[in-house]
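K.L.:
Below are the sequence and a predicted model for it; my questions follow.
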Amino acid sequence: MTPRTLRVATAMAVAALATLSPSSGSQAATSGPSVQTVARPIYPFTLASSFKITYEAYQGSELEDGGRPAYVQVRVSKTPLTSTSRRAWTYPSHLQRVGLTSTWRTGQITIGLNQGQASCVGARAVDAAGRVGPWGYTTCIARFFDDNQLERRGVVKTVRATRFWHGVASEIDGGGQLILRHVPRGSDVWVLGRPAPYSTTAYWGFTPRIIGMNSTGTKQIVLGQDGGNNVNRRSMWQASMRTQRLGPVWLRRDRDGTFPIEGIVVIPPWARSST
């Protein structure tokens, strides 16, 4: 075989690898189209049973004819928040050809999730010639545990009002506690509450005491109607440190008073959005 013939044969082999079906699990072309996340929830948690993500696909720098992104493939992993590792990726059939708009080459998907669960999502683009790009940024969104999913110890009253998530909340009294067990090491902990029917501020004199980490919640945010995932003027506290070991997290009354707790969410290391 002459050097010229060898070069032609090598080029043909590379082209064959690049055009293999993206669902076959074979190698993706290094020059395939890329995808990026252009819209996702503001916070890494939600009260809602689903969330939306918008992707934008764009042409790789080395592509020639047929390189225009045609559609996006999506992979999903749904994992309980008390798990120490993320579950394996799944490839839902209805998310393997997500269409793109003709102008900006964007596509939007909706992902469901249950209470106490995180859904992690990744995407890659496929061009008109069948060349597959790399998997892009991974987005993970967690859904709260309802307060009724927490273990009760001591005096914990159930309070009812239409302003609460699902119409109920838990109010810790005296030495009572709410407990979430099997929280992975290195988790962020957020507690959700609502101070009063018409309050629009996060602070009303006291914060949840998270005794499982020997600290109180110190970081506060107010989630409103401006992108707050339907939280609608609820207040949140983040624990001042991450969990130091695998085990339970306890919530108890602050020495200055009590307040209605609607839920808790933990963000384990595997559920933090990353590349």
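P.N.:
Arrived safely.
K.L.:
what residues does stretch 93-103 touch?
P.N.:
23, 55, 57, 69-76, 106-107, 109, 123 (CB atoms under 8 Å, 6 or more residues apart in numbering). Using the backbone N, CA and C atoms, a C-beta is placed for each residue, glycine as well.
K.L.:
For those, work out which two are farthest apart.
P.N.:
Pairwise distances across these (CB to CB) peak at 22.2 Å, for the pair 23 and 106.
K.L.:
Pick out whichever of those two has more residues nearby.
P.N.:
A direct count of neighbours by other CB atoms under 10 Å for residue 23 and residue 106 places residue 106 higher, at 17 against 13.
K.L.:
residues contacting the more buried one?
P.N.:
With CB under 8 Å, 6+ apart, residue 106 has these contacts: 38, 54, 55, 56, 57, 100.
K.L.:
mind running it again at 7 Å?
P.N.:
Residues in contact with residue 106 (CB atoms under 7 Å, 6 or more residues apart in numbering) are 38, 54, 55, 56, 100.
K.L.:
what number of residues lie near residue 142?
P.N.:
Residue 142, neighbours per other CB under 10 Å, totals 26.
K.L.:
and it, helix, strand or coil?
P.N.:
Secondary structure, DSSP: H, G, I helix; E, B strand; the rest coil: residue 142 is strand.
K.L.:
That one contacts residue 267, doesn't it?
P.N.:
Yes. If you go by CB atoms under 7 Å, residue 142 and residue 267 touch, sitting 5.8 Å apart.
K.L.:
Give the residues shared as contacts by these two.
P.N.:
residue 44.
K.L.:
circling back to that earlier point, show me the contacts of residue 106 that map onto strands.
P.N.:
Residues of the contacts of residue 106 located in strands (DSSP state E): 38, 54, 55, 56.
K.L.:
how near is the first one to residue 56?
P.N.:
Meaning residue 38. Using CB to CB, to the nearest Å, residue 38 is found at 5 Å from residue 56.
K.L.:
Look at these two and report which has more neighbours.
P.N.:
residue 56 (20 against 12).
K.L.:
Bridged to that one, which residues?
P.N.:
Residue 56 forms beta bridges with residue 36, residue 106, as assigned by DSSP bridges.
K.L.:
so where's this protein uncertain?
P.N.:
In the predicted model of the chain, residues 1-31, 60-67, 194-234, 254-258, 275 satisfy pLDDT under 70.
K.L.:
Understood, closing this out.
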